[in-house]
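Asker: turn this into a model:
(chains A and B)
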There are 2 protein chains.
Amino acid sequence: MAKQERAVRTRNALIESAAELFSRDGYEVVSLAAISARAGVSNGALHFHFPSKAALAAAVRGAAAERFDRIVSAERPPPQLGGSLQALVDTSHALLLSLRQDLVLRAGFSLDGVAEDAGRGVSLHERWHAWVEDIVARCAREQLLSDVAPRDLVATVVGATVGFAELGGRDVRWLSRITLTRFWSLLLPRIATAPTQRRVVATGRPAEVV
Amino acid sequence: MAKQERAVRTRNALIESAAELFSRDGYEVVSLAAISARAGVSNGALHFHFPSKAALAAAVRGAAAERFDRIVSAERPPPQLGGSLQALVDTSHALLLSLRQDLVLRAGFSLDGVAEDAGRGVSLHERWHAWVEDIVARCAREQLLSDVAPRDLVATVVGATVGFAELGGRDVRWLSRITLTRFWSLLLPRIATAPTQRRVVATGRPAEVV
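Answerer: Here you go, the predicted model:
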């Protein structure tokens, strides 16, 4: 294995270990020694890559932001397959599924609350909020009923998804596809025009079902 | 001031200080010395009341549970004023308002995630879930539309309220009456029968408005 490749692997292993320990024990309590031990690398190697715990937290946040970007930039279905509203449903499913499986993404969201790391750009919570706002604005013309205020829908979707993620930290059933499908099954008849309702699938499109 | 009264005051001051520091800095990081300093009492006095940080956490949880019980046991409006569905709307407003103002209640919810304190009875998140389940079951007959599955409604209400509370920890606007009113304004036309919709106020009844 080339030296550079080994360095990349070590760096990634440190990010994974840090994410796991930050999620499990909380950022403040975790020591750099615990992270290097968990990653199976020396303290020296850790300090070569990351001069401080804050630097490691920033790397976890960066990696989480990349994964978040991949989730929200998935291809959107054409109008006859539900268009932007289906994209919102699919993406919310993909986000909660990833939060269940991906410790780096989960740690990225939980680091939003850490003061030491505050003020370093936009938090994942804020990015999720902004993305939902944008996609709801794209839905608004033909897909949503005229008496649905877009900001009411945005607040409801962001609140419920963040709540399911938070509850899922203690009981993983809240992060199941079933829970989010309950939410969308309740909501879609309230928000979507009749033709859109016939097209949009509350469970997410098959490609998204895992 | 009688000796006993002074002891009660000291105990309460310690609970308030612990709640404030647990909420701000996280349970794991806060030291007993910081809590006693914040409460303006000696370390000796702290140890007289609480032998350990876990004992103090248990007292915070107990105090939070009492406040939670007061919120959910408020008098319910008669059917002509919205009955059980209005009680659900009012109580969700009262809970989020209290989370904004009451550090002990907020700390009680945040301690649900603390491992050391796990397995000590039902968490506040679970109690809130159970309470919502119960009141939705009471609504179900005349107030809710027949195509609304009670468990879909329960998941949506618990998810959204927990999400608003979580988001409110970083940005207090999520805990405002406006945000929760957006949620109920969107949801009520989907879930309530026509006569119930005319009676239920999404902002909460005047007595609850602060």
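
Asker: got any ranges where chain A has weak pLDDT?
Answerer: Scanning chain A for pLDDT under 70 picks out A:1, A:115-120, A:207-210.

Asker: ok, now with 50
Answerer: Within chain A, the stretches with pLDDT under 50 are A:208-210.

Asker: could you pull out the buried residues of stretch A:55-68?
Answerer: A:Leu56, A:Ala57, A:Ala58, A:Ala59, A:Val60, A:Arg61, A:Ala63, A:Ala64, A:Ala65, A:Phe68 (16 or more other CB atoms under 10 Å in any protein chain shown). C-beta coordinates here come from the backbone N, C-alpha and C atoms, glycine included.

Asker: so how far is chain B from the first one?
Answerer: Counting by CB to the nearest CB, to the nearest Å, the gap between A:Leu56 and chain B amounts to 17 Å.

Asker: how about the nearest residue to that residue, chain neighbours excluded?
Answerer: A:Phe50 (4.4 Å; CB to CB, 6 or more residues apart in numbering or on different chains).

Asker: identify the residues contacting the one you found.
Answerer: A:Leu14, A:Leu56, A:Ala59 (CB atoms under 8 Å, 6 or more residues apart in numbering or on different chains).

Asker: please tell me how far it sits from chain B.
Answerer: Per CB to the nearest CB, A:Phe50 is found 21 Å from chain B.

Asker: dump the residue contacts of the residue of chain A found nearest chain B.
Answerer: Residue nearest to chain B within chain A (CB to the nearest CB): A:Gly163, separated by 3.0 Å. By CB under 8 Å, 6+ apart, A:Gly163 lies in contact with B:Val158, B:Gly159, B:Ala160, B:Thr161, B:Val162, B:Gly163, B:Phe164, B:Ala165, B:Glu166.

Asker: what about the helix or strand harbouring it, distance to the chain center?
Answerer: Using DSSP states H and E, A:Gly163 falls within helix A:150-168. Chain-centre distance of helix A:150-168: 12 Å, with CA atoms, centre = their mean, to the nearest Å.

Asker: and the helix or strand just after that helix, what other elements does it pack with?
Answerer: Following helix A:150-168 in sequence order, the next helix or strand is helix A:177-191 (DSSP H and E). Applying 3 or more CB pairs under 8 Å, 6 or more residues apart in numbering or on different chains; DSSP states H and E, one finds that helix A:177-191 contacts helix A:83-101, helix A:150-168, helix B:150-168, helix B:177-191.

Asker: name the nearest residue to A:Leu21, sequence neighbours excluded.
Answerer: Nearest residue to A:Leu21, sequence neighbours excluded (CB to CB, 6+ apart): A:Val30, at 4.4 Å.
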